[in-house]
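S.K.: coords please:
(2 chains)
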Amino acid sequence: MNIYFLPIIIVFIVFYGLIKKCNIYDSFLEGCKEGFGIGINIFPSILAIIFASRIIISSGFINFLVNSFFPNFLIFPKEVIPMVIMRPISANASLSLMIDIFSKYGVDSYIGLLASTLQGCTDTTFYIISLYFGSIGIKKIKHCLFLSLIVDLIGVISSIVLVNIFLV
Amino acid sequence: MVNILFCFFIIIGVLYGIITGNIENVNEEIITCGKKSLEIFANIFPVLVLWLGIMNIAKESGLLNKISNLLYPILKHIFKDIPKDHEALSYISSNIAANMLGIGSAATPFGLKAMQSLQKLNNNKQIASKSMITFIVLNTSGFTLIPTTIISIRNMYNSINPSIVVITIILATLTSTFFAIIIDKLFYKVMK
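M.R.: Predicted structure coming up:
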């Protein structure tokens, strides 16, 4: 089903433009030129977030935090905590942790189902914030990060509750 | 706050690496992180340029306005500071639509354009505006209807029912998005 989305959306946009008698090619190029400028501007933000997050991940500090401070709850197993911590920082890292969980405990186990839901219901908060604000040169983001992380936490709590209601 | 976290990640990471003798990994990552960022950039950049091209067609044909008119009744309550018919609303609508369909590659370009047009409305170009924060919090709450990536990975790992998690994911993002809007509004009420 999903493989039809992109092509159909694109055909629809081009078709609609034709009906409205736009110069499709020109407006496409114009948009691309604009995109080129925006694109160049986001590289420093990407580098910054990758640089800092790689250092903290590779040092093993996050595993240390998890192993020493988090008790093991039945409904919130220790195994998913590194994934939850990594999720806002790096999409790739948390995705590979989810795959790890799948191969260790099984996709359809409680941990597997919880990991899938956790992965799907939150986003890479740090990445989005640095990318979006970085692209337009905002220096002060006020309470934005704090608020986003609280919302992520709510996502985690509701995932646990919902998996227990619907899938157990 | 990003500033503090950035420093925290680097300082704690390096110090912890030295203490635990893990500094070899840290060193390796410092050397290769530039290349890794460039790889990520190389994945995003062409898609970004392409989508902004396609979106410009939608914008000039008036399709983008149609989409935003559709979502306007909801968005006007969430983004009170944006005047009606402002282009920011069309970009925000497109970003939300792309996120809901699980087309992340299209969502980011729309989001960046939305931020750009919100910046035009912003009085102080250095400080995040109220609408920007609301928009980012909505984005990071990750509202989605079709979690494409997760279903395909679950499928790869031979799940009996790969899409069973769709219901929990939708309800969980609905909950967090709902709270995102409420907490954001409450925040300004309390600040007053």
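S.K.: what is the neighbour count of B:Ile4?
M.R.: Neighbourhood size, B:Ile4 [other CB atoms under 10 Å in any protein chain shown]: 9. C-beta coordinates here come from the backbone N, C-alpha and C atoms, glycine included.
S.K.: one more: A:Ser135?
M.R.: A:Ser135, neighbours per other CB under 10 Å, totals 22.
S.K.: other SSEs contacting the helix or strand hosting it?
M.R.: Per DSSP states H and E: A:Ser135 is located in helix A:125-136. Contact partners of helix A:125-136 among helices and strands, from 3 or more CB pairs under 8 Å, 6 or more residues apart in numbering or on different chains; DSSP states H and E: helix A:24-58, helix A:144-166, helix B:2-20, helix B:104-121, helix B:130-140.
S.K.: nearest to B:Val47, of those?
M.R.: For those, the distance to B:Val47 is smallest for helix B:104-121, at 4.7 Å, taking CB to CB.
S.K.: show residues contacting the helix holding A:Ser135.
M.R.: The contact list for helix A:125-136 (CB atoms under 8 Å, 6 or more residues apart in numbering or on different chains) reads A:38, A:41-42, A:44-46, A:48-49, A:53, A:88-91, A:141, A:144-145, A:148-149, A:152, B:2, B:5, B:108, B:111-112, B:115-116, B:119, B:128, B:132, B:136, B:139-140.
S.K.: taking chain A, what residue is nearest to chain B?
M.R.: Distances between chain A and chain B by CB to the nearest CB are smallest at A:Gly31, namely 2.6 Å.
S.K.: return the most buried member of the helices and strands packed on helix A:125-136.
M.R.: helix B:130-140 (a mean of 25; mean count of other CB atoms under 10 Å in any protein chain shown).
S.K.: what helices or strands is that helix leaning on?
M.R.: helix A:125-136, helix A:144-166, helix B:87-100, helix B:104-121, helix B:165-191.
S.K.: and the average pLDDT for stretch A:24-34 is what?
M.R.: Taken as a whole, stretch A:24-34 has an average pLDDT of 93.
S.K.: can you point out the buried residues in the helix-or-strand element of chain A with minimal mean pLDDT?
M.R.: Least confident helix or strand of chain A, by mean pLDDT, DSSP states H and E, is helix A:61-69 with a mean of 83. For helix A:61-69, the buried set under the neighbour-count rule, 16 or more other CB atoms under 10 Å in any protein chain shown, comprises A:Phe61, A:Ile62, A:Val66.
S.K.: let's verify the closest residue in space to the last one that isn't next to it in sequence: helix, strand, or coil?
M.R.: Spelled out, that is A:Val66. What sits nearest to A:Val66 in space, not counting adjacent residues and going by CB to CB, 6 or more residues apart in numbering or on different chains, is A:Ile81, at 4.8 Å. Here A:Ile81 is recorded as helix under DSSP: H, G, I helix; E, B strand; the rest coil.
S.K.: what about A:Ile81, how many residues close to it?
M.R.: Using other CB under 10 Å: A:Ile81 sits among 21 other residues.
S.K.: shouldn't it be in contact with A:Phe70?
M.R.: Yes - counting by CB atoms under 8 Å, A:Ile81 touches A:Phe70, with 5.3 Å between them.
S.K.: find the residue ranges of the chain scoring beneath the pLDDT cut-off.
M.R.: Assuming you mean chain A. A:1-3 (pLDDT under 70).
S.K.: I was after chain B.
M.R.: In chain B, residues with pLDDT under 70: B:1, B:102.
S.K.: repeat that with 80
M.R.: B:1-2, B:68, B:100-106, B:142-146, B:148-149, B:191-192 (pLDDT under 80).
S.K.: re earlier: who's in contact with the residue of chain A closest to chain B?
M.R.: B:Leu52, B:Gly53, B:Ile54, B:Met55, B:Asn56, B:Ile57, B:Lys59.
S.K.: my read: the second one touches A:Phe28, true?
M.R.: Yes - when contacts are counted by CB under 8 Å, B:Gly53 is listed as touching A:Phe28 (4.3 Å).
S.K.: now the element after the longest helix seen in chain B, going C-ward?
M.R.: Counting by DSSP state H, the longest helix found in chain B is helix B:23-60. Note on helix B:23-60: by DSSP H and E, the next helix or strand toward the C-terminus is helix B:63-78.
S.K.: which residue is nearest the middle of chain B?
M.R.: By CA atoms, centre = their mean, chain B has its centre lying nearest to B:Asn139, at 4.0 Å.
S.K.: OK, contacts around A:Ile24?
M.R.: Taking CB under 8 Å, 6+ apart, one finds A:Val14, A:Gly17, A:Leu18, B:Ile57 in contact with A:Ile24.
S.K.: those in helices, which ones?
M.R.: If you go by DSSP H, those have A:Val14, A:Gly17, A:Leu18, B:Ile57 in helices.
S.K.: now the second one: how far from B:Leu112?
M.R.: In this case it means A:Gly17. 22 Å (CB to CB, to the nearest Å).
S.K.: pretty sure A:Ile42 sits against B:Gly111.
M.R.: No - with contact defined as CB under 8 Å, A:Ile42 does not reach B:Gly111; the gap is 11.0 Å.
S.K.: check contacts around whichever residue of chain B sits closest to chain A.
M.R.: Proximity of chain B to chain A (CB to the nearest CB) peaks at B:Asn56, 2.6 Å away. Counting by CB under 8 Å, 6+ apart, B:Asn56 touches A:Ser27, A:Phe28, A:Glu30, A:Gly31, A:Cys32, A:Glu34.
S.K.: B:Ala106 now?
M.R.: Neighbours of B:Ala106 in contact, by CB under 8 Å, 6+ apart: A:Leu6, B:Trp51, B:Ser94, B:Ala98.
S.K.: fine by me, we can end here.
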